[in-house]
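S.K.: predicted model and sequence follow; I will ask about them next.
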Amino acid sequence: MKISIDELRTLPQQRLKLSFKESIEGLGAVKPVLGDLTATANSTGIKLSGTVHTLLKLTCHRCLRPYFLNLNLPIEEFVVESKPQEEDYSRAPREKELTADDFVESLSADGILDISDLVYQAVTLATPVSCLCGEDCPGPAFPDSETKSGTLASGKDHHSGEDRIDPRWKNLKTLFPNEETE
């Protein structure tokens, strides 16, 4: 969904209410992203505000099972009109302290705002980096509390009841032959 700043400025109160409903690629959303947004033109650009809702299908990083996350996001974005100016980056300092003006999204040269892109960015930033299906996540699933090698998670052999050493780590025991393992 795209809107033009020139068309927005011709509307009464320079405001447009939008009902957003789109399936956005790359989000992992089960349902289309829905929302009620308001685009307002001002002297510096466009203000986009409102809320969007979606349902994401994620994979738990602990138990590796899929789960659903319901997102309700408030959106408030300011997009300024870009002024044609030539930047000479060869004279720019290598290090610079960032100011508030450095974190401003600017409108494309044709004056068109891509609302779908702003919604995609908001949903992506709200998606958790470490996905966990819940506080009571059981962790990895082992049949009968055993690992694939027949050893319990404690390191004891399920069948004989004694400690077993993983054969891949057996050579490390030769480094310290007199010490007992705990």
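M.R.: Thanks, I have the structure now. Computed from a prediction, not measured in an experiment: that's the story for all the values here.
S.K.: which residues are in contact with residue 80?
M.R.: 44-45, 104-107 (C-beta atoms under 8 Å, 6 or more residues apart in numbering). All C-beta atoms are positioned from the backbone trio N, CA, C, and that covers glycine.
S.K.: hmm, residue 30 is touching residue 58, no?
M.R.: No - between residue 30 and residue 58 there is no contact under C-beta atoms under 8 Å: 10.3 Å.
S.K.: can you list the low-confidence ranges for the chain?
M.R.: Across the chain, the ranges flagged by pLDDT under 70 are 82-90, 92, 101-104, 108, 141-165, 179-182.
S.K.: how does it divide up, domain by domain?
M.R.: 2-84+94-126, 143-177 (automatic domain parsing).
S.K.: residue 137 is nearest to which of those?
M.R.: Nearest to residue 137, of all those, is domain 2-84+94-126, at 4.9 Å by C-beta to C-beta.
S.K.: and residue 69, bridged to which residues?
M.R.: Per DSSP bridges, the residues bridged to residue 69 are residue 56.
S.K.: from residue 28, how far out is it?
M.R.: 9 Å (C-beta to C-beta, to the nearest Å).
S.K.: output the contacting helices and strands for the longest helix along the chain.
M.R.: Assignment by DSSP state H gives helix 115-126 as the longest helix of the chain. If you count contacts as 3 or more C-beta pairs under 8 Å, 6 or more residues apart in numbering; DSSP states H and E, helix 115-126 packs onto strand 2-4, strand 15-22, strand 33-41, strand 45-59, strand 66-80.
S.K.: and with 6 Å instead?
M.R.: strand 66-80 (3 or more C-beta pairs under 6 Å, 6 or more residues apart in numbering; DSSP states H and E).
S.K.: contacts for the longest helix of the chain, please.
M.R.: 1, 22, 24, 27, 33, 52, 71, 73, 75, 77 (C-beta atoms under 6 Å, 6 or more residues apart in numbering).
S.K.: pretty sure the last one sits against residue 48.
M.R.: Yes - with contact taken as C-beta atoms under 6 Å, residue 77 and residue 48 are classed as touching, separated by 4.6 Å.
S.K.: and these two? Which one has more around it.
M.R.: residue 48 (23 against 19; other C-beta atoms under 10 Å).
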